[in-house]
Structures are given as C-alpha cells and as structure tokens.
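Peer 1: sequence and predicted model, in that order:
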Amino acid sequence: MSRTTTNAISRRQLLTLIGKNLGAAAMMQGMGALGFAATSTYAGPIRLDGAPKGTRILVLGAGMAGLVAAFELRNAGYHVQVLEYNNRAGGRAWTVRGGDRYTELGGATQYCDFADGLYLNPGPWRIPYHHQGVLDYAKRLKVPLEPFIQVNYNAYLHSTEAFGGKPQRFREVQTDYQGYIAELLSKAIHKEALDDALSVDDGHLLLESLRQWGALDRHGAYQATQRSSERRGFATAHGGGLMPKAVPSNLLPRDALLASRLWQWLSSGNEQDFQSTIFQPVGGMDRIAHALYSQVASAVVLNARVTAISQDEQGVTVRYTDTTTRTERNAHADFLVCTIPLSILSQIDIAVGPTMRAAIDAVPYETSVKIGLQFGRRFWEEDEQIYGGITYTDLPISTIGYPATGYGSTGPGVLLGAYMWGPASYEMGALPPAERIAMALSQGSQIHPQYASEYQNGFAMNWSRSPFTNGCFAAWTDALRKVHYANLCQIDGRIVLAGEHASHIPAWQEGAVLSSLDAITRLHRRIVNG
Amino acid sequence: MDRLRLISGVMLMAMVMVAAKVSAQAVAQDAPRTFTFSPGYRFTETSGEALYNATCAGCHMPDGKGAQGAGHYPALADNPAVEAAPYVIVNVLHGRKGMPPFGDAMSDDQVAAVVNYTRTHFGNRFAGDVTPSQVRSLR
C-alpha cells in the first residue's frame, strides 16, 4: 500500500466531510473543483457494448465527426468503412503548410509557400478549455497541445477614425477605460447620486473596489501616476543602474477614448469560449484529426464523391464517384452515419423521410475569409513585443492574429492577416486569391508598416469557395432550430446524421465531436435493441 | 516563392496606400473597376454589377457559370430558371438550401438591381424589369 492511499483522505471521504459540515452548496463547489460536476456535456469516453458480430456501418465524411464515429464504432467491434471527398482526412480541421496545393471552386489554385514549420489553420484555430470532447481525444491520442493566446495586452486595438488612425495598445485602452468609469462612478457616489441604490456601507465598499478596479488614487481620481502606469505601461520604463528614472505615461483623453469605440473589443476575452486557458495542437489544428485518422486509415476511402444514398429493409447503399478514376462505385452497409455538410447533402439524392429532408434543405451556410501572410521576420515580436494574441481593427480584415508558437525564432513567421465575416467577407471572398492577399496587405500595413518590406507570400481561404463544404458552417437561427433541429438529429431508418450542423455548438469542433458521440450512441442502442 | 504574386501584391499595395483611406474604397488589381468593402452588416453597393461582384460572384462565379465540387453552385448563365424573376428574388431574399438569405443585408432597390443585372447578363436576355416594390411584396 502506498503512503498516499493509507494516509490521505479519500475523495469520497472528503466529499462526505464537506457535505456534512458545509451543506449542499459547498459540496457542489467542492465537486466542481475536483472535476466531477463540470458543466460540459461531454461525459468521458463512450462505451458501446454488445455490437452484433459482423454489423457493417458506413461513415460519410472524414472530418472530426466522421473520424470520431469511425474510431469509436470500430473500437466497439463494428465493421466500419469511411468515404471522404477530399484527398486527405480532417475536413475543416485543416492546416495549410508549405508545399500544399489547394484549388478552390472556380479553379483558382494556390501553392502554399510557407517556410518549414509555419502554417495557417483556415478552419478552427483554438480549443476552449471547456471543449472537453476535443481535448479528450487530444489526450487519448497523445496529441501535444500548447496555449493559444486570445487576449494580449500588448496587441493593438485600431480604428481608422480614432487617434489619427494610430493603433493603441490593449493595455492602455483597457486601463484608461476602467479608470475613467471607476472615477465617474466614484464621483456619483460622493455626490450621493446612488443613495437610492446603495446603503452607506455598500457605498464605502464600492468606492474601495473602484479604487482597486480602476487604479484610482486615494481620492478616487484617475490620473497619470505610477499606479495607472503599472497597468498601462510607463513612458520611460524602470531600468537598472544609472538608467533614467521611470516616467509615468500620459492617459488617452476620456472623451476621445469614448468616441473611439475601441472599447468594443475589450470584453472579447470574457466570453467563455475565449477565456484562458485556450489550446492549440502543437504544429497545427489538423493534428487531432490526423491522430484519429491514423487509427482508422485502413477503413477510409479518399477521393470519393457521394452522389446518392438509399436504404431499404436490407441495408444502405451509397453511390459514389472515385474522382481519381472517374468510376462509379457502390458501398453497402447495414447502417449509415452521414457527416456530409448540409450545404452538400441538400444536393444529394438521399432516401430519408420528408421531415429530415426538409431539415437538410433548411439550413443556410455562413461564409468566412481567413488569410495567412508570411513575413521575412517576426517584426511584431522584434519591433513591437507582441507575442501571440489578437489585434482588432475596424478595417475590413477585422483581425490580425499572431502565431502563439515559435516565439523569438529568427527567420520568417506567418500571421493571420484577415479573419472576416459578414458582407466584407463576401466582397473579399469574391476577389481572386492574389487580390485578397493584396487587400489584406494594404489594410494591415496601416497597423504594421513593416508589411511593405517584409511580405513574402500568402494563402487566402474563402470558405464559400471550398469544394468540400460550399460554405463555412451551418448558420442556424432560433426559428429554424425550432422547426427542424430535432428532425435533423433523429435516426431515419438506418441513417443518422452528425457534424457541427447537428449540434448546438456550430462551427466548433466540439459540436462535431458531441454530435457524433450522441449519434453513434443512439444508433448503437437501436442496433443492439433491434 | 511566387515572385509574380509578390510583385503584383506589393504594387497594388503601393497604389492603395497612395489612395489613402482604405476602409471605404480601394482599387482592385488589373481592372479599373471600383471595389467597396461594406463596413457593417448591410451591403453598401448600389449598382447591379457591383452587387453581383460583391455577393453572387463568390459562389456563382464572376462569369455566372457556377462551380462543381463535392456539390455544386448552379450556373446563372444560360439558366432557364433565372427567367422566373420571382424565383430569383425569393432566393436572394430568403436563401435556398445552403445559400444564405440576403434580404436583411440588402434594400429592395439593391435586390432589384442585382436581380435585373443577373437576368440581363452572362448571355441571359430575359425581359421584364424587376421593381423594388415587387421585391418588397416578396419579403
């Protein structure tokens, strides 16, 4: 017996003790802290026991949903075959590297020239800490992760209309914004303007908290002091020896700060999806999908374009074209897990009932543009001390994402030079790839003038021209969900659908994983129970 | 490295930088056509051609010939379905299958303009001008 088990209090004993002494609320808290009562709907690795021997399941699509289905169903003892349209596995969980070639709809071909080790994730690029399904596959398959930086206090917030178009550091905007608000609220309390809402004691507490939250002086004023500069940075930083003494930095003027609307980006990191810690696989987002693929590769047929899906009492038949030889083939199985995006599936002849058919046809797909730009050196690190994280701008490119890996390396680096949604992404996406890149360069150079001398090559993804998805993700509305979502997720005879489109977490890999686990669990139950 | 692409990109960048304020309008490569980025959630183009290039061309392609991958985008060129103006209007306003709706991102005038453009270009010669009020009635 080890020391730990003999001497340490067991987890159950500890919980009982907390439950007895502190009541149920404290017990819930304790359970959360120990990892029992987490909010994720992921319930750990699934167990599918008792698969009937020789039962065949066909999986359409080798993205995250299809790969998870294939991996788990195979582990459960099913005979699994996967058909995939692309000549690679992973779907939208995709990483573009030097040497890759990509032809979008319309025929424009891009040859990626990124240097060794550099990459762009055209699809998902971050994994929130609470996406326990994706994280568990990374863990089980030993895919190394590293932190993805969402909020970087030294990155920029930029408006073409504010501060002469000069980008402002996040730390300066946030510190001043909080400082001014805290100061205003303090004044209101001193003027007894909030007496209806606050008791005298609460007022004192609030004043104390505002001094702390807003870096105010002891009189409740927000000023250019050591205290504010410890957050927003000093004009002359602290040094050693006989170096110059530190000088506090000037504040942004309050009215100009308010008018700048730069505050619109301050709370991005407060969303649970973007709260620290966020992860990325070391080497590119496709690493998790590829780890799954390596487990089931022998079952996957690539270059298979599905043209028709039928079912009857005997089983399912999927007609597909081998796109390398242009030959027509059929695949047969007892059951089918279809993860083809609805934007594609709605164009395929599929033998399902009218309510599922209506659901397949109901969901529009959103577009998005992402552009990777390679520069000869990491000027954002060398010149501007920006290590990972995101700059936000009101320019159409909207986002500059700095690589959260390889810090300090010499030689070229790739940053995300545009991440666009809405009308601007349609407009940008309709341009040829080289013009998209040129636009991203011209806009981004307003923030980083180094673009002009350091640019080397780029890769521009427009999701509406993706040959394998015809769009980016399923753009459900509440009204559409109400009518169609449950119908989409039902098992129809021998067919069940899965993917981010069959989840409440659209556009995230976690949605694909949870949808897949739910679909195959229900399908397995149906098969076993007959 | 793709030197040609680099050179053309840098040249364009220089042009655009001279043109100063990029957020509103910028000049696109090789063609003197005007190119606009819409700043919010509504398209700001007004002519049928500009709206076509900003929206439809992304999927149905600049020449209206559509595209084929795992699925397809239907051609608008030589497509008899485009003759039925209400069908085209409804698709633009409300979307169709994976095609997203543009009704909330365009005014009646804009929808009429882009539908008229589509029905009279790419070899299409369909009669009957679509009016904004016709668009409004189909919202």
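Peer 2: Arrived safely, thanks for sending. Numbering: from 1, shown residues only, chains lettered A, B, ... in the order given.
Peer 1: what's the neighbour count on the residue nearest to residue A:182 when sequence neighbours are not counted?
Peer 2: Distance criterion C-beta to C-beta, 6 or more residues apart in numbering or on different chains; nearest residue to residue A:182, sequence neighbours excluded, is residue A:214 at 2.4 Å. For the C-beta atoms, the positions are set from N, CA and C on the backbone; glycine is no exception. With neighbours defined by other C-beta atoms under 10 Å in any protein chain shown, the count for residue A:214 comes to 25.
Peer 1: over to residue A:105?
Peer 2: The tally of other residues near residue A:105 (other C-beta under 10 Å) stands at 24.
Peer 1: my guess is it contacts residue B:58. True?
Peer 2: No. With contact defined as C-beta atoms under 8 Å, residue A:105 and residue B:58 do not form a contacting pair (9.4 Å).
Peer 1: distance of residue A:179 relative to chain B?
Peer 2: Noted for residue A:179: a distance of 29 Å to chain B, by C-beta to the nearest C-beta, to the nearest Å.
Peer 1: name the next helix or strand downstream of the host helix or strand of that residue, please.
Peer 2: Using DSSP states H and E, residue A:179 falls within helix A:170-190. Next in sequence after helix A:170-190, counting helices and strands by DSSP H and E, comes helix A:200-213.
Peer 1: quick one: pLDDT of the closest residue to chain B within the stretch 151-300 of chain A?
Peer 2: Using C-beta to the nearest C-beta, the closest approach of the stretch 151-300 of chain A to chain B is made by residue A:160 at 4.7 Å. Note for residue A:160: predicted pLDDT of 97.
Peer 1: separation between residue A:358 and residue A:487?
Peer 2: Distance, residue A:358 to residue A:487, by C-beta to C-beta, to the nearest Å: 7 Å.
Peer 1: which of the two has more neighbours?
Peer 2: Each of residue A:358 and residue A:487 has its neighbours counted (other C-beta under 10 Å); residue A:487 has more, 18 against 14.
Peer 1: could I get the contacting residues of that one?
Peer 2: With contacts defined as C-beta atoms under 8 Å, 6 or more residues apart in numbering or on different chains, the neighbours of residue A:487 are A:355-356, A:358-359.
Peer 1: and it, how far from chain B?
Peer 2: Between residue A:487 and chain B the distance is 16 Å, computed by C-beta to the nearest C-beta.
Peer 1: assign the spatially most central residue of chain B to helix, strand or coil.
Peer 2: For chain B, residue B:52 is the residue whose C-alpha lies nearest the centre (C-alpha atoms, centre = their mean; 2.0 Å). Recorded secondary structure, residue B:52: helix (DSSP: H, G, I helix; E, B strand; the rest coil).
Peer 1: could you find the closest non-adjacent residue to it?
Peer 2: residue B:117 (5.2 Å).
Peer 1: can you give me the strands in chain B?
Peer 2: Taking DSSP state E, the strands of chain B run over residues B:25-27, B:34-36, B:67-68, B:72-73.
Peer 1: contact residues of the stretch 101-250 of chain A facing chain B?
Peer 2: Counting by C-beta under 8 Å from any C-beta of the partner chain, the positions of the stretch 101-250 of chain A adjacent to chain B are A:105-107, A:111, A:113, A:160.
Peer 1: so what's residue 66 up against?
Peer 2: If you meant another chain, say so; for now it's chain A. A:59-60, A:82, A:84, A:91, A:337, A:339, A:498-499, A:516.
Peer 1: nope, chain B
Peer 2: Counted by C-beta under 8 Å, 6+ apart, residue B:66 has contacts B:59-60, B:72-77.
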